[in-house]
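Colleague: Please find the sequence and the predicted model below.
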Amino acid sequence: MSRVLLMQGNQAVVEGAIAAGVRFYGGYPITPSTEIAEGMAKRLPEVGGKFMQTEDELAGIGTVLGASLGGVRAMTATSGPGFSLKQEMIGMACSAEIPCVIVDVQRVGPATGQPTSPSQGDVMQARWGTHGDHWLIAVSPSSVPECFDLTRRAVELSEKYRCPVILLMDEVIGHMRERIELPDSYEGLAAARRKQPDVTPEDYLAYADTDGSKVPAMADFGSGYRWHVTGLVHDETGFPKGTPAATKNSQDRLRTKLEDHEDDIVQTEHYRTEDAEIVVVAFGGAARTAYEVVDMARNEGIHAGLFRPITIWPFAERAVRELAEKTQCLLVHELNCGQYVREVESAVQGRASVRLYAKYDNEPATPDELLAEIREAEKTIKGAK
Amino acid sequence: MKQNFRFSGTGGQGLITAGIILAEAALLDGKLAVQSQSYGPEARGGSSKAEVIISDEPIRFGRVTHPDTLLVMSQEAADKFSGDCDGSSLIITDSLFVREVRAKDARRVDLPITHTAREACGKPLFANIVALGAVVALTKCVTTESLERAVLDRVPKGTEDANRKALAAGYALAENN
Amino acid sequence: MKGMEELVDLYFRPGRLPHLWCPGCGNGVVLGALLKAIDAEGLEKDDVAVISGIGCSSRASGYVDFNTANTLHGRALPISTGLKMARPELNVITLSGDGDCSAIGGNHLIHAARRNIGLTLVVFNNSIYGMTGGQYSPLTPRGSRATTAPYLTIEPSFDILALAQAAGATFTARATTYHVPILVDVLRKGIRHEGFSIIEAVTGCPTNYGRQNKLAAPAAMMEWQKEHGVMKAAWDKLDEPAREGKFPIGVLYERTDLKEYTKAYDEIIERAQAGKEAASA
């Protein structure tokens, strides 16, 4: 049985987290993500979980990492200014491979920026926000039902690959209310737990790749497996080891841990791209305009399509390259001055033309505005023929 | 068929709640709906707006660029939010507050919404529900059964009768227009 | 009580020694006292978590055979807090240095104290940033020399226990690496205490504090601790002039009438599951 509801994106994130088995949330209130904290404060204790409003953003994610070490699925949510503060702990989670989910409901930045206006200006920060080489996953929902589904998926991926997963939202989706059908019971929807050791505590090496998956088994603190966590470069024992070989081995495993599983991790959506000459590339809230405009352009005889990365990081390089082989123009539309477009360009490598429609004036693009860009692209293509 | 609504007025008039109720009523009718709203300082005092799109088809872009129906309940909101209406739009005003709107060729219906709320329910607080009744009576965008259910699902316990009265007063306002 | 060699065999991780502390450093004395306290309290290794921040003293977590984490600078308390929330049955012991705890982690300190969450915080106070080579911390006495205070420090220092008490800590204690039996005793009481406990362990850094402040010999630092640490009972009898430059040791403050945070949180769960949002307390 299920129930049909009108629900806000941020509330759907809360329900997705509860369904996924998240039982700890630590965070600090910040617009436009606050509804997530409020929702978790109400919902978590109902299911026996715990919510903490921490003294600051750093403590928010700090408590999340602590709870995760204790074996509890844990999450935090924030927006740009808080996302900046959370970066040091995101690095810790990458290095020590501590599963956690960080929701970033993006707003206009930098600094305080425009708290209630939509932006996608954190897309590169989501990938490269913390210092040093590191690898993580980011996913971005384009609808309220997808907020529910992708929150669950974020929890699942973080447990499976032992890395931080960023749920990269924007104000458009976070605050929009739309129809969602939720199951009456969340039984059976909890994300699979992280891999547990299959050896005795004496033989347990906290960071050993025992099954070739590159993802080490992770014992809960207090379970009888006593191991050591550090943000220092470490070897498979988990203890600091900074030799050149140990450093390289560690970096190689952390990188290939995700690279090797890209087929499982990277999700994209193709909308009417089959015979498309112009393909809009857009994610999150920006994709909402794009769907509509693809239909409008088709009605004018323009062969338009939409390519929507659902997994934002790792970048869907292969899918973009394949798309570039069969289309003429990729029109990247993002709510910032042009960040993701550089990834697209580097994947396309001249196989098709890449155009940018950057929108960074506090408002999502209207269908008419994006349609005008497609018409321009069409003119350029036809002119070139 | 897709219908675009914008409810605008002053923060505190309950227009965001009205928008949510309208969208919920549409879902009860088996249609699709998207609701969005203005946030931040302008949502508390100052002018405020809620937008609702109702459709049988999936709704992609969730904001209203051209309202089919605009409800305005303050002069400031009329100045700010009526510019993208045209001859095909219906503008419903609260005649107590609104003198002029920017879209001169739009079809305009002036109703004493707040005045009626005070008369029918004793409090101007019910103006948003009176307005919803009028909007639905004029546009037939949702069934009155679904509207009533959506209203009763949202409002505080103990206020059901007053809200039913407010709805009825809203229908009557529109019909007597 | 077991001897140190036996404790090393029992609680040190094989192969993790030698430690990185300098000759004459007091950190090993504090860690030894902590192991004595844990042992005397009869805690199982599986039931103890040792979470540290960054700095010389925070390396201690890696040497000992518990559930351990050497986290980020200043952030040991938030991570300890999350772990305690997830596993209230664990004895969570947080190790931090004076800089780690009172400067970069100062905000976390006052809020952990305010919540009265059941953590045992051990502050290794060596009055200096040792790992980075001798910069002054908020606990460096005014008028000290440091590499970042070549003209002597002008900043007053915190009394970290008074700070924690004012913020809401329900157990505060101090001892030094000279007064080891007292240190072991207050650590035991701190571990046993239900609520937030903070133990300041005054320790010497001959290399980075001593050399800059005419206390280069480890023994000189011990002498200093011996002369300046005054038992609480005696301290209470001293008048203001006699207290000048000295500090009290022993348990300085304890109250047991306030509910520990994770236990208090259980009441939230009960209320939520009974389906009632509290009107107001």
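Modeller: Now that the structure is in, tell me what you want to look at.
Colleague: Phi first, then psi, for A:E274.
Modeller: Dihedral pair for A:E274: phi -50, psi -50, per degrees, to the nearest 10.
Colleague: number of nearby residues for it?
Modeller: 9 (other CB atoms under 10 Å in any protein chain shown). Where you see a C-beta, it was placed from the backbone N, CA and C, and this is true even at glycine.
Colleague: And for A:G212?
Modeller: Neighbours of A:G212 (other CB under 10 Å): 7.
Colleague: what helix or strand is it on?
Modeller: For A:G212, there is no host helix or strand (DSSP states H and E).
Colleague: And A:Y360, by the same measure?
Modeller: A:Y360 belongs to no helix or strand, assigned by DSSP H and E.
Colleague: can you give me the helices in the stretch 1-150 of chain C?
Modeller: Assigned by DSSP state H, counting those that start in this stretch, the helices in the stretch 1-150 of chain C fall at C:4-11, C:27-40, C:60-63, C:76-86, C:98-99, C:106-115.
Colleague: So which of the ones you listed is nearest A:S33?
Modeller: Distance to A:S33, taken as CB to CB, is lowest for helix C:76-86 among the helices of the stretch 1-150 of chain C, at 18.9 Å.
Colleague: mean confidence score for the closest one?
Modeller: For helix C:76-86, the mean per-residue pLDDT is 98.
Colleague: Equivalent analysis for stretch C:241-251, please.
Modeller: pLDDT averaged over stretch C:241-251 gives 96.
Colleague: again with stretch B:9-19
Modeller: Per-residue scores along stretch B:9-19 average to 93.
Colleague: wait, does it make contact with chain A?
Modeller: No. Contact of stretch B:9-19 with chain A (CB under 8 Å from any CB of the partner chain) is absent, the minimum separation being 8.5 Å.
Colleague: For residue 50, the count of nearby residues, please.
Modeller: Went with chain A since none was named. There are 24 residues near A:K50, going by other CB under 10 Å.
Colleague: that's the wrong chain, I meant chain C
Modeller: Counted with other CB under 10 Å, C:V50 comes out at 29.
Colleague: What of C:P150?
Modeller: C:P150 is flanked by 8 other residues according to other CB under 10 Å.
Colleague: Quick one, which of the helices of the stretch 1-150 of chain C gets closest to chain A.
Modeller: helix C:76-86 (2.5 Å; CB to the nearest CB).
Colleague: Run through the neighbouring helices and strands of that closest one.
Modeller: strand A:24-27, strand A:50-53, helix A:57-69, strand C:48-52, strand C:91-97, helix C:106-115, strand C:119-125, helix C:261-273 (3 or more CB pairs under 8 Å, 6 or more residues apart in numbering or on different chains; DSSP states H and E).
Colleague: Mind putting the ones you listed into JSON lines with distance to A:A286 and mean pLDDT?
Modeller: Shown next, in JSON lines, are the helices and strands packed on helix C:76-86 (distance: least, CB to CB, whole Å; pLDDT from 0 to 100):
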{"stretch": "strand A:24-27", "distance to A:A286": "26", "mean pLDDT": "98"}
{"stretch": "strand A:50-53", "distance to A:A286": "31", "mean pLDDT": "98"}
{"stretch": "helix A:57-69", "distance to A:A286": "26", "mean pLDDT": "98"}
{"stretch": "strand C:48-52", "distance to A:A286": "41", "mean pLDDT": "98"}
{"stretch": "strand C:91-97", "distance to A:A286": "44", "mean pLDDT": "98"}
{"stretch": "helix C:106-115", "distance to A:A286": "37", "mean pLDDT": "98"}
{"stretch": "strand C:119-125", "distance to A:A286": "44", "mean pLDDT": "98"}
{"stretch": "helix C:261-273", "distance to A:A286": "37", "mean pLDDT": "97"}
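Colleague: Tabulate the ones you listed (a markdown table), appending distance to chain B.
Modeller: What follows is the helices and strands packed on helix C:76-86, written out as a markdown table (distance: least, CB to the nearest CB, whole Å):
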| stretch | distance to chain B |
| --- | --- |
| strand A:24-27 | 19 |
| strand A:50-53 | 21 |
| helix A:57-69 | 20 |
| strand C:48-52 | 39 |
| strand C:91-97 | 39 |
| helix C:106-115 | 27 |
| strand C:119-125 | 38 |
| helix C:261-273 | 20 |
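Colleague: Generate a markdown table for the helices of the stretch 1-150 of chain C, with distance to C:G134 as supplementary columns.
Modeller: Below are the helices of the stretch 1-150 of chain C laid out as a markdown table (distance: least, CB to CB, whole Å):
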| stretch | distance to C:G134 |
| --- | --- |
| helix C:4-11 | 29 |
| helix C:27-40 | 15 |
| helix C:60-63 | 20 |
| helix C:76-86 | 22 |
| helix C:98-99 | 11 |
| helix C:106-115 | 21 |
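Colleague: who wins for proximity to C:K246 among those helices?
Modeller: helix C:98-99 (18.4 Å).
Colleague: Would you pull up how far that closest one lies from the middle of the chain?
Modeller: The chain centroid and the centroid of helix C:98-99 are separated by 10 Å under CA atoms, centre = their mean, to the nearest Å.
Colleague: Residues in contact with that helix: which ones?
Modeller: Residues outside helix C:98-99 that contact it (CB atoms under 8 Å, 6 or more residues apart in numbering or on different chains) are C:55, C:123-129, C:135, C:137-140, C:160.
Colleague: again with stretch A:181-192
Modeller: Contacts of stretch A:181-192 (CB under 8 Å, 6+ apart): A:1-5, A:7, A:15, A:18-21, A:73, A:145, A:148, A:152, A:155-156, A:159-160.
Colleague: can you tell me which of the residues you listed are in helices?
Modeller: Secondary structure assignment by DSSP state H places A:E15, A:I18, A:A19, A:A20, A:P145, A:F148, A:R152, A:V155, A:E156, A:E159, A:K160 of the contacts of stretch A:181-192 in helices.
Colleague: ok, of those, which one's closest to chain C?
Modeller: Nearest to chain C out of the ones in helices among the contacts of stretch A:181-192 is A:I18 (CB to the nearest CB; 12.3 Å).
Colleague: Next, count neighbours for that closest one.
Modeller: Quick note: A:I18 (other CB under 10 Å) scores 23 neighbours.
Colleague: I'd like the helices and strands packed on helix C:76-86 as JSON lines, with distance to B:P58 appended.
Modeller: Formatted as JSON lines, these follow (distance: least, CB to CB, whole Å):
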{"stretch": "strand A:24-27", "distance to B:P58": "32"}
{"stretch": "strand A:50-53", "distance to B:P58": "34"}
{"stretch": "helix A:57-69", "distance to B:P58": "35"}
{"stretch": "strand C:48-52", "distance to B:P58": "49"}
{"stretch": "strand C:91-97", "distance to B:P58": "50"}
{"stretch": "helix C:106-115", "distance to B:P58": "46"}
{"stretch": "strand C:119-125", "distance to B:P58": "51"}
{"stretch": "helix C:261-273", "distance to B:P58": "36"}
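Colleague: outside of stretch A:290-308, which residues touch it?
Modeller: A:142, A:268-283, A:287, A:319-320, A:323, A:327, A:330, A:333, A:367, A:370-371, A:374-375, A:378, B:60-61.
Colleague: what stretches of the stretch 151-281 of chain C score poorly on pLDDT?
Modeller: Within the stretch 151-281 of chain C, the stretches with pLDDT under 70 are C:276-281.
Colleague: can you pull the contacts of whichever residue of it sits closest to chain A?
Modeller: Minimum separation of the stretch 151-281 of chain C from chain A (CB to the nearest CB) falls at C:A272, amounting to 3.5 Å. Applying CB under 8 Å, 6+ apart, we find C:A272 in contact with A:K42, A:P45, A:E46.
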